[in-house]
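> pasting the sequence and the predicted model now:
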Amino acid sequence: MLHSFHIPVLGLGYSIDTPLKVARYGVSSVLSIVDDELVERMRAYHSQNRSVYYEAIGKDEPDSRSKRITAYLNFLSDCVNQDFKALKQQDFSKGTDICRYFELLPDTSKLKHGYELMMDYPDGEAKEIFKSVLRNTMRMGSIDVNIMAKVDKMNYVDGEYTGDDHTDALAALRGFAESKLHASVILSAGMNPKLYSYIADFADFFPDENESLKKQIILKVSDFRSALIQAKFLAKKGLWVSEFRIESGLNCGGHAFATDGYLLGPILEEFKTKRSEMYLELFEMYQLALVKKGILVEEEPKQKITVQGGIGTAAEHNFLLQHYRLDAAGWGSPFLLVPEVTNVDSNTLTQLTAATEQDFYLSNASPLGIRFNNFRNSSIEQQRTERIEKGRPGSPCTKKYLCNNTEFTEQAICTASREYQHLKIKSLQTAGLTAEEYEKQFTEITGKICLCEGLCSSNYLKYDMLKPKENKAVAICPGPNLAYFSDVYSFDEMVGHIYGKINLLEQVERPHVFIKELNLYIDYLQEDIKQHIQQFSDKKIKQLNGFKLQLAEGINYYKKLFSEMADQASDDFRQLYEQLASSKNKLDALIVG
């Protein structure tokens, strides 16, 4: 990898065309392929802007979801390749994109050192050879895609089920697999055996005659055990996991998959100590499965381990990579403040720059029933409360990607929809609940927001693509780390911050990434205790005590780690130790049962 960071997926629309903006500079990024309507509209928009022929793929066409995704990914591939080719042909003169390519690289990069030597070289034949060598060494960033594995709605036409191959996740995977991209699919949100098995239907995920993988698999995971289980399932089918992307359970953007009290530091430590053992076990299974398919692999495939979630400074970035021997780190939410890279409308952008820690919170807003990192000042939150006040809670359900509830209907509907909330509230009214319990359940039901439209509308607003009567309300889901960034930044500034060339958080009081996550978990436990305080079952008491014990063990791990990583006489160490002691006191004060 040229860069030691990547840009993870950011909602549905926020990074939908990020590769067009950063891949030519060697930076890898991830886009969501959940919404084929968004994908199709973005292909139409950028085709027009680039004067490229565009032929629409209608929603009613057979296998339209898969075909739309393939068409857009092929479009991105063609455009990025053209942009990169044009960049490589530029003259090495200050201010050009080819110079920007090299100047964005970290100061530790050998390629950057070569560039700086070349720029100081006297003009002549030797310098031209030097330039040619540099051009041949340049690489594009990857155009990777994300699929939430369990967001896999069944689809119907005229009441007839269209079949397992046409569920949302499988159709999206097929769209990626049949594209021309040499890239990775990031599988997140847990294991879907049907989807994982389906990957084996596509040759691009298996080694070619040169033992290369045209399509690679990345697993986004929050702990070692689940990572190994999923990777074994794939390896037994001859499918190799090329990267484990470890994400903090709570200190992240989007949906939050909390662990049972396992903190990021101890999780990274487990991957570090068991990495070689895991690799050998997986490679043996992988090789055996390939032999059964008549594929011989002699060269050991590469397997990266990366981390993301709440990283905010160059010091944290470098420490995580060096101490845990990681290959890269993901920087997501801070890029929402970089208009060159992501699609945040001007109003939301202004709100984000003025936001404080209290404006970012863990909510129950997602129709999936998974905790969701939310922004209090988003326009979709304002719209949600206005609809409740008017006596019409819920949203019109037009896209239906998150339909997963069959409580009142034969076919699944979305819990954020007006239809579901009307039926659910009606059932509450006849349930004989106390006023307090009714209000509690009413608040929970009406707290859901439409993510299908809300996570796309900012994109449409920025590009002036909204259709008549289309919802303008914006949903955005940054991680809590965004609270410490309070300006609009250029791409060069954010990359410079990641590599320590500049400091965008100078004089900003911000807890260490590990401390921040620890406090989020303590708050999470405190809320869980509060919700069950009226009726603690033995099972729940055992689970909560196990959670608390795990956090206490994490604190002991950090105490030892901090004493090893810092000069104990330094201000940095004292500050870390004080923050850790404060967190421990807060945890100790929690009483379960």
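Here it is on my side, so go on.
> pLDDT at the residue of the chain positioned farthest from its centre, what is it?
When distances to the mean C-alpha position of the chain are computed (Cα atoms, centre = their mean), the maximum falls on G124, with 46.9 Å. G124 is assigned a predicted lDDT (pLDDT) of 90.
> separation between it and N146?
To N146, G124 is 48 Å away according to Cβ to Cβ, to the nearest Å. From N, CA and C alone the C-beta is placed, and that goes for glycine too.
> let me know the secondary structure of the closest residue to E517 other than its chain neighbours.
Of all residues beyond its chain neighbours, the one nearest E517 is N251 (4.1 Å), with distances taken as Cβ to Cβ, 6 or more residues apart in numbering. Recorded secondary structure, N251: coil (DSSP: H, G, I helix; E, B strand; the rest coil).
> count the residues that sit near N251.
N251 is flanked by 26 other residues according to other Cβ atoms under 10 Å.
> check K237 too.
By the measure other Cβ under 10 Å, the count of residues near K237 is 17.
> surely K127 touches L117?
No. The pair K127 and L117 fails to qualify as a contact (Cβ atoms under 8 Å) at a distance of 10.0 Å.
> looking at these two, which is more packed in?
When K127 is set against L117 and neighbours are counted by other Cβ under 10 Å, the residue ahead is K127, at 16 against 12.
> how near is the more buried one to T96?
The value you get for K127 to T96, if Cβ to Cβ is used, is 16 Å.
> what about the strands in the stretch 251-400 of the chain?
304-308, 328-330, 360-363, 372-375 (DSSP state E, counting those that start in this stretch).
> not counting the longest one itself, show me its contacts.
Taking Cβ atoms under 8 Å, 6 or more residues apart in numbering as the criterion, the residues outside strand 304-308 that touch it are 6, 8, 242-248, 252, 264, 268, 271, 275, 320, 324-332.
> what do you get for the shortest one?
Judged by Cβ under 8 Å, 6+ apart, the contacts made with strand 328-330 from elsewhere in the structure are 1, 3-8, 245, 247, 304, 306-309, 311, 317, 320-321.
> which of those residues are buried?
Among the contacts of strand 328-330, those buried by neighbour count (16 or more other Cβ atoms under 10 Å) are 3-8, 245, 247, 306-309, 311, 317, 320-321.
> for these, which one is nearest P339?
Of all the buried ones among the contacts of strand 328-330, the one sitting nearest P339 is I7; the distance, using Cβ to Cβ, is 13.9 Å.
> what about the closest residue to the closest one other than its chain neighbours, distance to I533?
Nearest residue to I7, sequence neighbours excluded (Cβ to Cβ, 6+ apart): S29, at 4.0 Å. For S29, the distance to I533 under the criterion Cβ to Cβ works out to 44 Å.
> likewise G253?
As for G253, its distance to I533 is 30 Å (criterion: Cβ to Cβ).
> more neighbours, these two?
Between G253 and I533, counting by other Cβ under 10 Å, G253 is the more crowded of the two (27 against 11).
> surely the more buried one touches A475?
No. Under the criterion of Cβ under 8 Å, G253 makes no contact with A475, lying 12.0 Å away.
> find residues that contact each of the two.
Here G253 and A475 share the contacting residues G11, scored by Cβ under 8 Å, 6+ apart.
> let me see the contact set for W331.
5-8, 308, 311, 317, 494, 498.
> state the distance from the residue nearest to N318 when sequence neighbours are not counted to E444.
The shortest distance from N318 to any non-neighbouring residue, by Cβ to Cβ, 6+ apart, is to G500 (7.3 Å). Applying Cβ to Cβ, one obtains 44 Å for the distance of G500 from E444.
> kindly export stretch 226-244 (C-alpha atoms) in CSV.
Once side chains and other backbone atoms are set aside, the C-alpha atoms of stretch 226-244 remain, and they are given as CSV (Å, rounded to 0.1, in the frame of the first residue of the first chain):
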residue,chain,number,x,y,z
SER,A,226,-16.1,-14.0,15.0
ALA,A,227,-13.4,-13.1,12.5
LEU,A,228,-11.9,-16.6,12.7
ILE,A,229,-15.4,-18.3,12.5
GLN,A,230,-16.3,-16.3,9.4
ALA,A,231,-12.9,-16.8,7.7
LYS,A,232,-13.0,-20.6,8.3
PHE,A,233,-16.4,-20.8,6.7
LEU,A,234,-15.0,-19.1,3.6
ALA,A,235,-11.7,-20.9,3.6
LYS,A,236,-13.5,-24.3,3.5
LYS,A,237,-15.0,-23.1,0.2
GLY,A,238,-11.6,-22.1,-1.2
LEU,A,239,-12.3,-18.4,-0.5
TRP,A,240,-9.5,-16.3,1.0
VAL,A,241,-9.9,-13.4,3.4
SER,A,242,-7.4,-10.9,2.2
GLU,A,243,-8.0,-8.5,5.1
PHE,A,244,-9.5,-8.3,8.5
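> show me the contact partners of it.
Around stretch 226-244, the neighbours that count as contacts under Cβ under 8 Å, 6+ apart are 184, 187, 190-191, 193, 196-197, 199-200, 205-206, 213, 216-219, 221, 246, 271, 278, 281-283, 285-286, 289-290, 292-293, 295, 301-306, 327.
> the closest residue to F224 other than its chain neighbours: neighbour count?
Closest residue to F224 apart from its sequence neighbours, by Cβ to Cβ, 6+ apart: E270 at 4.5 Å. Taking other Cβ under 10 Å as the criterion, the count of residues near E270 is 17.
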